[in-house]
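Q: got a sequence here, can you build the structure:
(chains A, B and C)
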Amino acid sequence: MYPKKYPRNQWYVAAHSEDVGRQLLSRWLLDEPVCLYRTSENAPVALADRCIHRQMPLSKGRLGDDDTIECGYHGTVYRTDGQAERIPSQPNVPRACRVHRFPLFEKWGLVWIWMGKPELADPARIPGHHWLTDPGWATVRGTLPMKARAQLLNENLLDLSHLEFLHAGSIGTAKIAKTPITTDFDDGVVRVSRPMYSIDCPPFFTKTMGLSGVIDRGQVAEFFPPAFHITHVSAKPAGDLDESRKCEQKAIHCVTPARGNTTHYFWCHARNYKIDDPEINALMQHGMEMVFKQDVEASEAIEEIISNYEPDHPIELNFKVDAGALQARRLMDQLVAAEQ
Amino acid sequence: MYPKKYPRNQWYVAAHSEDVGRQLLSRWLLDEPVCLYRTSENAPVALADRCIHRQMPLSKGRLGDDDTIECGYHGTVYRTDGQAERIPSQPNVPRACRVHRFPLFEKWGLVWIWMGKPELADPARIPGHHWLTDPGWATVRGTLPMKARAQLLNENLLDLSHLEFLHAGSIGTAKIAKTPITTDFDDGVVRVSRPMYSIDCPPFFTKTMGLSGVIDRGQVAEFFPPAFHITHVSAKPAGDLDESRKCEQKAIHCVTPARGNTTHYFWCHARNYKIDDPEINALMQHGMEMVFKQDVEASEAIEEIISNYEPDHPIELNFKVDAGALQARRLMDQLVAAEQ
Amino acid sequence: MYPKKYPRNQWYVAAHSEDVGRQLLSRWLLDEPVCLYRTSENAPVALADRCIHRQMPLSKGRLGDDDTIECGYHGTVYRTDGQAERIPSQPNVPRACRVHRFPLFEKWGLVWIWMGKPELADPARIPGHHWLTDPGWATVRGTLPMKARAQLLNENLLDLSHLEFLHAGSIGTAKIAKTPITTDFDDGVVRVSRPMYSIDCPPFFTKTMGLSGVIDRGQVAEFFPPAFHITHVSAKPAGDLDESRKCEQKAIHCVTPARGNTTHYFWCHARNYKIDDPEINALMQHGMEMVFKQDVEASEAIEEIISNYEPDHPIELNFKVDAGALQARRLMDQLVAAEQ
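A: Numbering: from 1, shown residues only, chains lettered A, B, ... in the order given. A predicted model of the protein is given here:
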């Protein structure tokens, strides 16, 4: 029910584009240490973060002007393709003196990594998220470390009936949970829609969108297994037919397993209104981080139970609203099974 | 020798009465998460602290004026009997949507919990400890968390020869250890008696009882397996036949396994002298806590050895004075075995 | 490749002489708790740090003027040979009431311990290190705790090609790594020599020895399995034939497994020049500690990888310069195998 295996022949988000630069960055991804950096021509690179010689993390070494990494222990020099080109203590460099280079693909402000067989890496399979760099949209983003397995957050994001309770006072209001949902599974994507008509405007929408009273609120949660979500949000005055008054938001959630039962949560939030208003930017930055932290805290509280009480086999009761989450579990199991 | 199993069809102390109120309290007991609270009519309730839906701790939810708990994640509402009465996202509530309610019994200032089969819970089996709420006695109490398995403290409390050494300077004096003891096992209770005649008055008795010089000191340690102790203490001037000058104390020790090798130590201390003296109350509160902390620290030091050196199978040599502790081990083994 | 077994019938350094005194000192060595102290006649003693009665660490007890230890829990009194001579709660003391006394041998400022069969302990097998107390030499010393298995530091000390990279800016300079080495294995000792002629004087030598420009630098790393190293260092102006201008240093490294994957690193550093200069003493104390801390940090970084990524079986590629380290592995395996 709570397996800890993840499919490897898949794209995962390794970092926000802005995280990766000329400083060597160490990050555990799917239980592997990875060293991330950029070449002088701005191309992101990911190498196994352990020198093939004696397992020293390469991230503790030095990045040269020629984009090589010199291991901080015995000075072995690696090229961006992972092949060593210099071993200071000997003239010859064996072909086997190399570390794995993980395929990366940078798009729309995110750096995607492929932890499986490189020959299978096809960037066409990365789901779209163009809003993050679209000039008609304003984006804020952040990273939250989570002491819980990725699955808990993946399922959180597919059951937005929790808004009414976990996020009461910010984006949650009464009657959200009982609004009917539609769940569909299309081409391996799980999609849960909850259109809400004439529902209370949540306090955070008033602050950011300027709406109040009752609104028509749209909410579609999409999960692209194994690790990517888009929550499509829209709001306008109830019954208002003027599309120009409709505010749209895209919450992007990248849920990447780190080490053991810990997870990286890379979040982004794009909106198509008041895009040049720095005050709204700041509100969004802090407001969304607060909301997403509540999701992280709930996941961590549950992790403490399932990893201490009946490890991996808690007794659970599913609700009708869990159709999306259950389909997500099935898809994940299939992805893992297909790799065995 | 140091098994980590505990009998479940037994009463354990879950809390001091004053710990439980209208705030939801989370506490691990015998490796299970438990949520404790009181109804508006003051009745204590203990529910499994994990929502049957997605394992969210109920203690992170909201206690309603009608004594229900609303889960903080998806808003499922539980009655005090553990049955859910509302699932916000659907109209019907399955019978199976319930969490375990643990039988509780509150008596004399303690809240007792039954972690086993509810139909076997018989409050008549709870040992007496009426002094804690008797108007003729004054009580102080406290709770100490302990990073050691319960057994170490249970055995500490049955061998009071350690007073002379571990508690030197407070309640320990010379020659305690070599005073002969009587051990008897009666109706499943282990009882170790050490009557001491014409022995030095310990410093702490001088401060609290006003005694000095040599005294007649009585000490009877009773263990009611699996988790409850009464230490009966008495003192009077040596050879004094005037019973009105005899001071009596009852130290109550509740040793409840928490999670892994950690334990809750709920202690109480009642006396029948100077019961209205706030200064003596304060002395008792701080003095007894200091003494009991020494027991906890000794248990923790031993836990570090047995869990790191030869886990669960240290080589030990028993002394004659250990007859009580060894009988306690046998009784505990029998209680566990009887449940298999 | 990274086994965690250590040979027990061997001498290990338990402490610097100055660490052991009339205060009871607790130290885990090879996964056993040990209590170290000195008798009133200044002889070091090591007893198992757990009372045979109930595993209380003896180090939490009291050292008497007669050199006995009284257990802090129930007052059992142990003599320096480990035999109990008093049990307060009973008149007779069984022969079996004793704790193991580990053979010790103190020499040249170090206290050596024998964790195996006492009858095999032969001090003649302790490697020499007379410089530490020789009046013609000045010594500084320290202790570094290390969260990594001992093997990582043992191998670090046998491949000094890392000076150029890990210790750049202090004792490392360019071209060290590519200077040819000689490795020989003699009588169970691994010896790696790297004579460097006309090489840059490292900054730290300038500060301490007063040398500059190019120098002739000698460096011989000796490993006496399982846990002792001497690094012989010498330096003089390049081509200078006047031996009186030659500065010599002996770095002594004692690498003793503690508990789990942690290690005690006892280091000493002796020099035969400016031996009465307190300023150079201070420079040495801080400078060498800084250098050795870099070795500890590298070992800890590697430990994090090998214990989290592919526990105990990392994929490694050996360089030619690793001949010494590989021979050390073989010798250690043989020592462990011989004890099975």
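Q: neighbours around the residue in the stretch 101-250 of chain A positioned nearest to chain B, how many?
A: The stretch 101-250 of chain A approaches chain B most closely through A:Ala177 (3.6 Å), counting by CB to the nearest CB. The C-beta positions use only the backbone N, C-alpha and C, and glycine is treated the same way. When neighbours are counted by other CB atoms under 10 Å in any protein chain shown, A:Ala177 registers 24.
Q: gap between it and chain C?
A: From A:Ala177 across to chain C, the span is 40 Å (CB to the nearest CB, to the nearest Å).
Q: how about A:Tyr12?
A: A:Tyr12 sits 17 Å away from chain C, going by CB to the nearest CB.
Q: quick check, that residue in a strand?
A: Yes. Secondary structure assignment places A:Tyr12 in a strand (DSSP: H, G, I helix; E, B strand; the rest coil).
Q: need the contact list for it.
A: A:Leu29, A:Leu30, A:Trp112, A:Ile113, A:Trp114, A:Met115, A:Pro226, A:Ala227, A:Cys254, A:Thr256, A:Pro257 (CB atoms under 8 Å, 6 or more residues apart in numbering or on different chains).
Q: of the residues you listed, closest to A:Asp49?
A: Nearest to A:Asp49 among the contacts of A:Tyr12 is A:Leu29, at 9.7 Å by CB to CB.
Q: so where's chain A uncertain?
A: A:311-313 (pLDDT under 70).
Q: interface residues of it facing chain C?
A: A:28, A:31-33, A:49-50, A:52-57, A:60, A:70-75, A:87-90, A:94, A:96-97, A:259 (CB under 8 Å from any CB of the partner chain).
Q: quick one: buried ones out of those?
A: Buried members of the residues of chain A next to chain C, counted by 16 or more other CB atoms under 10 Å in any protein chain shown: A:28, A:32-33, A:49-50, A:52-57, A:60, A:70-75, A:87-89, A:97, A:259.
Q: can you show me the strands along the stretch 1-150 of chain A?
A: For the stretch 1-150 of chain A, the strands defined by DSSP state E, counting those that start in this stretch occupy A:11-16, A:25-29, A:32-38, A:44-48, A:62-63, A:69-70, A:77-78, A:84-86, A:104-107, A:110-114, A:138-146.
Q: ranges for the helices of the stretch 151-300 of chain A?
A: For the stretch 151-300 of chain A, the helices defined by DSSP state H, counting those that start in this stretch cover A:163-166, A:203-209, A:278-308.
Q: CA atoms only for the second one, dumped as PDB, please.
A: What it means is helix A:203-209. The C-alpha coordinates for helix A:203-209 follow below in PDB (Å, rounded to 0.1, in the frame of the first residue of the first chain):
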ATOM      1  CA  PRO A 203      -9.800  34.800   2.000                       C
ATOM      2  CA  PHE A 204      -6.700  34.400   0.000                       C
ATOM      3  CA  PHE A 205      -8.500  35.000  -3.300                       C
ATOM      4  CA  THR A 206      -9.900  38.200  -1.900                       C
ATOM      5  CA  LYS A 207      -6.400  39.400  -1.000                       C
ATOM      6  CA  THR A 208      -4.900  38.400  -4.400                       C
ATOM      7  CA  MET A 209      -7.600  38.500  -7.000                       C
END
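Q: residues in contact with A:Leu326?
A: By CB under 8 Å, 6+ apart, the residues touching A:Leu326 are A:Asn318.
Q: B:Val13 versus that one, what's the distance?
A: 41 Å (CB to CB, to the nearest Å).
Q: same check on A:Gly260?
A: 35 Å.
Q: more neighbours, these two?
A: Per other CB under 10 Å, whichever of A:Gly260 and B:Val13 has more neighbours is B:Val13, with 23 against 13.
Q: okay, now the closest residue to the more buried one other than its chain neighbours: neighbour count?
A: Once flanking residues are discounted, B:Val13 sits nearest to B:Cys254: 3.5 Å by CB to CB, 6 or more residues apart in numbering or on different chains. A count of neighbours around B:Cys254, defined by other CB under 10 Å, yields 22.
Q: isn't B:Cys254 right next to B:Phe228, touching?
A: Yes. Judged on CB atoms under 8 Å, B:Cys254 makes contact with B:Phe228 at a distance of 5.8 Å.
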